[in-house]
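Chemist: quick one, structure for this:
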Amino acid sequence: MVEEQRESVPGHREKEAQPAGVARPEGDAPKGDAGLMPARGNGAPLPIVAIGASAGGLEAASRLFDAISLGPPADQANPRADGLTGMAFILVQHLDPTHQSLLTKLLAKHSAMTVVEASEGCLLAPDYVYVIPPGRYLSVRDGALHLSAPHDPRGSRMAFDFLLTSLAAGHGPQTIGVILSGTGNDGSAALSALKAAGGFVIAQKPDDAEFDGMPRNAVATGLVDQILTLAELPKALADRARTIAGQSRPGPQPLVRRPVAVVEPTDQVASMVEILSFLKETTSQDFSQYKPGTIGRRIERRMGLLALRSGDLAGYLEFLRQNPAERDLLAQDLLINVTSFFRDPRVFEVLDKTVIPELIDKLAPGHSLRIWVAGCSTGEEAYSIAMICCDAIEASGRAIKLQIFASDVDTDAIALAREGHYLPDIAASVPADRLARYFIKDETGYRISPLLRGFVVFTVQDVLADPPFSRMDMVTCRNVLIYLNPEAQAQAISLFHFSLREGGILVLGSSETVGKVEGRFEVVAKSERIYRHLVRSRPGEAGFPFSVGEVLPRLAETSREARPALASSLANICGRAVLAGHAPAAMLINRQRHVVFSMGPTERYLRVAPGYASLDLLAMAAPAFRVKLRLAIDQAEKMGGRIKTSRTRMTTQGAD
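Modeler: So this is what the prediction gives:
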């Protein structure tokens with residue numbers, strides 16, 4: 001089916017007669033129906049290479065496609081000498097939204113593949129390079145490209161995060177994310193979602209990049225699988241493409257194939273059990289009810305980053321016992337904290353326009369609106385729901401008390417959620433009006449307003465082991481159940497049913513369902529996975545060993561943290577007042593050279609460069625001392641201590 005449709009589209013039959021490096025007009029790119037999954041002619045999944053870049057990106061992309069056109073080494077398996085790869089490439093380069101882009105024509109000179117500007121509804125095809133148009137966001141759904149306007153035309157745009165998030169939602173296992181030269185951190189926020197969906201991530205070596213901000217930030221997430229030079233990238237892409245091609249195929253399978261089921265060796269299973277037992281003993285995290293495949297992939301990823309022999313779980317267990325830091329990193333990897341504000345906009349649109357207003361309308365006088373956000377991670381989901389609830393309550397004109405209980409098993413994630421401070425890139429996902437109402441902007445990002453923060457109570461809780469909340473009007477648990485085995489999923493659904501009032505709402509993730517519930521739930525919105533509670537739970541049905549009268553999760557711990565936090569805030573206010581009037585210009589930067597704090601008259605030396613906003617110190621520094629500043633930072637990293645440089649004269653508004 002895929003091959004026949006491709007040949008019926010103008011531009012595919014004459015592909016071989018077309019000279020290499022010719023940019024095809026936008027309308028000549030292959031179109032397809034939205035339900036067709038991207039696959040190659042033999043039915044194998046189509047590898048999708050998503051490339052993100054900003055400053056220095058044109059040179060980096062040109063060098064990469066030059067290297068691909070040279071072909072792989074002669075001794076590599078299945079060599080291709082024609083410069084074609086069998087992969088689909090999508091390039092997101094930060095462009096000036098007010099000018100026409102020449103990027104398509106420029107890149108066509110460096111590739112034997114067909115280079116086109118991405119267009120609405122264009123079906124992904126092998127050996128095509130799709131370039132993002134200026135002033136647009138680009139996403140992939142059901143194998144087709146879709147264009148949309150940026151969320152905030154005037155704000156910081158995270159176009160690569162937007163693309164990777166869409167690929168993670170529908171094509172994770174066949175996606176290879178590549179981060180090239182650029183300033184800022186576009187792409188880093190979406191890596192957790194891509195990795196959780198089975199994607200693969202490669203970053204250009206920072207030393208090989210003209211601007212190392214984007215690659216450095218990506219590497220700092222700990223989610224990058226390989227860090228390579230541009231010359232090394234083609235072989236890595238080819239290796240990963242072969243792995244993707246070996247995955248399960250969407251079309252008919254060949255008549256003769258190897259058995260699908262592979263029995264793991266007994267010692268491997270035993271080592272896996274020992275690793276999980278070790279984590280439970282030393283970190284208090286119980287992963288025994290996670291799917292074995294999820295656990296295995298995460299462990300293999302950690303072993304790969306450490307250059308340990310693949311499959312040697314016994315050796316990795318010994319390494320864990322001797323290295324507490326790696327033990328903690330593995331536990332964090334297994335917790336899979338993937339979240340963002342208003343994640344899955346279609347779900348929040350239904351909640352905003354229909355579900356929440358209906359709950360408020362049916363709420364009895366004097367009753368509070370009670371919501372439980374299970375698996376809240378770092379708080380974005382809980383705060384997103386709090387925002388739409390506040391708006392709906394205000395629109396209703398009723399004096400309704402809002403209570404949101406947000407829980408997660410990850411202590412570190414809960415600490416960040418309680419802090420309620422987020423990076424500047426949330427401006428791309430939070431609507432501007434809500435950003436203005438519910439956040440306070442500071443030097444390093446956005447802080448949740450005290451009003452909104454007061455509606456949400458965060459607590460550390462294991463959904464399967466700790467008592468659940470009760471008398472809830474709505475429970476949300478999105479993208480948590482997919483990591484659990486079937487028995488644990490069924491137990492969680494029973495717990496949520498117990499927690500809900502009759503007529504309450506349950507919201508699950510896009511790949512999750514309530515399963516066989518025997519009339520306990522009805523569907524409210526099928527594609528958004530929203531369900532309504534129908535009947536009360538019977539005694540013992542929820543599957544936890546306590547009566548309703550027993551103590552539920554303790555929530556008073558948060559209040560004990562309020563006094564130290566308030567004292568710290570007052571001390572910061574006093575300190576900043578003194579420093580503002582007496583301190584010289586100073587900037588505190590992290591290892592990615594991003595400014596995380598500043599004081600004094602920094603406006604004399606720093607400016608916001610044209611294009612996409614960035615906190616990269618070198619990008620904001622005046623050209624007069626940019627070189628000396630880079631050298632000083634490099635010396636400080638290598639030598640430590642205080643570094644002095646010679647003076648530099650610069651002119652500001654006509655004065656030295």
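Chemist: what about the closest residue to V456 other than its chain neighbours, distance to R242?
Modeler: Spatially, and ignoring its direct neighbours in sequence, V456 is nearest to I404 (4.6 Å; Cβ to Cβ, 6 or more residues apart in numbering). Placement of C-beta: from N, CA and C, glycine included. I404 sits 47 Å away from R242, going by Cβ to Cβ, to the nearest Å.
Chemist: okay, those two: which has more neighbours?
Modeler: The neighbour comparison of I404 against R242 (other Cβ atoms under 10 Å) goes to I404, with 22 against 14.
Chemist: got the contact list for the helix or strand hosting the more buried one?
Modeler: Per DSSP states H and E: I404 is located in strand 402-408. Identification of contacts with strand 402-408 by Cβ atoms under 8 Å, 6 or more residues apart in numbering yields 368-377, 379, 381-382, 385-386, 389-390, 393, 414, 417, 455-461, 463, 469, 553, 555.
Chemist: now, of those, which are buried?
Modeler: Neighbour-count burial (16 or more other Cβ atoms under 10 Å) is assigned, among those, to 369-377, 379, 381-382, 385-386, 389-390, 393, 414, 417, 455-461, 463, 469.
Chemist: beta partners of the residue lying closest to L145 once chain neighbours are set aside?
Modeler: Nearest residue to L145, sequence neighbours excluded (Cβ to Cβ, 6+ apart): C122, at 4.4 Å. Listed beta-bridge partners, C122: K31 (assigned using DSSP bridges).
Chemist: of the contacts of strand 402-408, which belong to helices?
Modeler: Mapping the contacts of strand 402-408 onto helices (DSSP state H) picks out E381, A382, I385, A386, C389, C390, I393, I414, A417.
Chemist: tell me who's in contact with the first one.
Modeler: Spelled out, that is E381. T339, R343, V373, A406, T476, R478.
Chemist: just the last one next, same as before
Modeler: Under the criterion of Cβ under 8 Å, 6+ apart, the neighbours of A417 are C376, S377, T378, G379, A382, A406, D408, F458.
Chemist: give me phi/psi at the fourth one?
Modeler: In other words, G379. When read as degrees, to the nearest 10, the backbone of G379 gives phi 100, psi -10.
Chemist: per-residue pLDDT, it?
Modeler: Looking at G379, its pLDDT reads 92.
Chemist: what sits against it?
Modeler: The contact partners of G379, by Cβ under 8 Å, 6+ apart, come to A406, A413, L416, A417, R418, G420, I448, V456, F458.
Chemist: reformat these as a markdown table; add pLDDT.
Modeler: Listed next are those as a markdown table, based on pLDDT from 0 to 100:
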| residue | pLDDT |
| --- | --- |
| A406 | 93 |
| A413 | 86 |
| L416 | 89 |
| A417 | 91 |
| R418 | 91 |
| G420 | 92 |
| I448 | 94 |
| V456 | 94 |
| F458 | 92 |
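Chemist: farthest-separated two in those?
Modeler: Largest separation among the contacts of G379 by Cβ to Cβ: A413 and I448, giving 15.2 Å.
Chemist: hang on, H146 in a strand?
Modeler: Yes: counting by DSSP: H, G, I helix; E, B strand; the rest coil, H146 is found in a strand.
Chemist: hey, what's it bridged with?
Modeler: Here H146, judged by DSSP bridges, has bridge partners S139.
Chemist: returning to that earlier point: in the contacts of E381, find the pair that's most separated.
Modeler: Farthest pair in those (Cβ to Cβ) is R343 and A406. Separation: 14.5 Å.
Chemist: tell me which of those two has more neighbours.
Modeler: The residue with more neighbours, out of R343 and A406, is A406; 26 against 20, by other Cβ under 10 Å.
Chemist: and that one, how far is that from S429?
Modeler: Taken as Cβ to Cβ, the span from A406 to S429 is 18 Å.
Chemist: what's the answer for V535, then?
Modeler: Relative to S429, and taking Cβ to Cβ, V535 is found at 37 Å.
Chemist: before we move on, what about I493?
Modeler: 29 Å.
Chemist: if you count surrounding residues, which of those two has more?
Modeler: I493 (25 against 21).
Chemist: count of neighbours near the residue lying closest to that one once chain neighbours are set aside?
Modeler: In this structure, I493 finds its nearest non-sequential neighbour in V514, 5.4 Å apart by Cβ to Cβ, 6+ apart. For V514, the neighbour count with other Cβ under 10 Å is 19.
Chemist: who's in contact with V514?
Modeler: Contact analysis of V514 by Cβ under 8 Å, 6+ apart lists I493, L506, L508, R520, F521, Y531.
Chemist: quick one, strands of the stretch 151-300 of the chain?
Modeler: Using DSSP state E, counting those that start in this stretch, the strands of the stretch 151-300 of the chain run over 175-179, 200-204, 226-228.
Chemist: so what does the second one touch, helix or strand wise?
Modeler: Same thing as strand 200-204. If you count contacts as 3 or more Cβ pairs under 8 Å, 6 or more residues apart in numbering; DSSP states H and E, strand 200-204 packs onto strand 175-179, helix 191-196, helix 213-220, strand 226-228, helix 233-245.
Chemist: can you say which of those is nearest to R501?
Modeler: For the helices and strands packed on strand 200-204, proximity to R501 was assessed by Cβ to Cβ; helix 191-196 is nearest, at 31.8 Å.
Chemist: which residues touch that closest one?
Modeler: 164-165, 167-169, 172, 175, 177, 201, 218, 221, 223-224, 301, 336-338, 340, 479.
Chemist: surely Y316 meets I275?
Modeler: Yes: the criterion here is Cβ atoms under 8 Å, and Y316 meets it with I275 at 7.2 Å.
Chemist: overlap in contacts of the two?
Modeler: Listed as contacting both Y316 and I275 by Cβ under 8 Å, 6+ apart are I299.
Chemist: coming back round to it: name whatever forms a beta bridge with the residue nearest to V456.
Modeler: Beta bridges link I404 to I371, V456, judged by DSSP bridges.
Chemist: what distance do you get for it to G379?
Modeler: 10 Å.
Chemist: for D391, same thing?
Modeler: Distance of D391 to G379, computed by Cβ to Cβ: 18 Å.
Chemist: and if you look at I90?
Modeler: 31 Å.
Chemist: of the contacts of helix 191-196, just the buried ones, ChimeraX syntax please.
Modeler: If you want just the buried ones from those in ChimeraX, going by 16+ other Cβ under 10 Å, the selection is:
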select :164,165,167,168,169,172,175,177,201,218,221,223,224,301,336,337,338,340,479
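Chemist: before we move on, back to that, show me which of the contacts of V514 is closest to Q592.
Modeler: For the contacts of V514, the minimum distance to Q592 (Cβ to Cβ) is 35.9 Å, reached by L508.
Chemist: who's in contact with that closest one?
Modeler: L508 makes contacts with T476, C477, R478, L481, V514, R529, Y531, as judged by Cβ under 8 Å, 6+ apart.
Chemist: again, only this time at 10 Å
Modeler: 347, 475-482, 489, 492-493, 496, 514, 528-531 (Cβ atoms under 10 Å, 6 or more residues apart in numbering).
Chemist: mind checking which of these are buried?
Modeler: Using 16+ other Cβ under 10 Å, the buried ones in those are 347, 475-482, 489, 492-493, 496, 514, 528-531.
Chemist: tell me the one of the contacts of E381 nearest H594?
Modeler: H594 lies nearest to T339 out of the contacts of E381, by Cβ to Cβ, at 21.8 Å.
Chemist: I'd say the closest one and T476 touch.
Modeler: No: the criterion here is Cβ atoms under 10 Å, and T339 misses it with T476 at 11.5 Å.
Chemist: any common contacting residues for these two?
Modeler: Contacts common to T339 and T476, judged by Cβ under 10 Å, 6+ apart, are G375, C376, E381, A382, S384.
Chemist: still on that earlier bit, using pLDDT, spot the least trustworthy of the contacts of V514.
Modeler: Lowest pLDDT among those: R520, 83.
Chemist: buried ones in stretch 328-341?
Modeler: Neighbour counts using 16+ other Cβ under 10 Å place 328-341 of stretch 328-341 among the buried residues.
Chemist: now it: average pLDDT?
Modeler: For stretch 328-341, mean pLDDT is 81.
Chemist: could you export that stretch as CSV, CA atoms only?
Modeler: What follows is stretch 328-341, C-alpha atoms only, in CSV (Å, rounded to 0.1, in the frame of the first residue of the first chain):
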residue,chain,number,x,y,z
ASP,A,328,20.5,7.2,42.3
LEU,A,329,20.8,8.0,38.6
LEU,A,330,19.2,4.6,37.7
ALA,A,331,16.4,5.1,40.1
GLN,A,332,15.7,8.6,38.6
ASP,A,333,15.8,7.1,35.1
LEU,A,334,13.2,4.4,36.1
LEU,A,335,10.9,7.0,37.6
ILE,A,336,10.4,8.5,34.1
ASN,A,337,9.4,12.1,34.9
VAL,A,338,7.9,13.2,31.7
THR,A,339,5.6,16.2,32.0
SER,A,340,4.9,19.8,30.8
PHE,A,341,2.3,22.5,31.2
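Chemist: many thanks, we can stop here.
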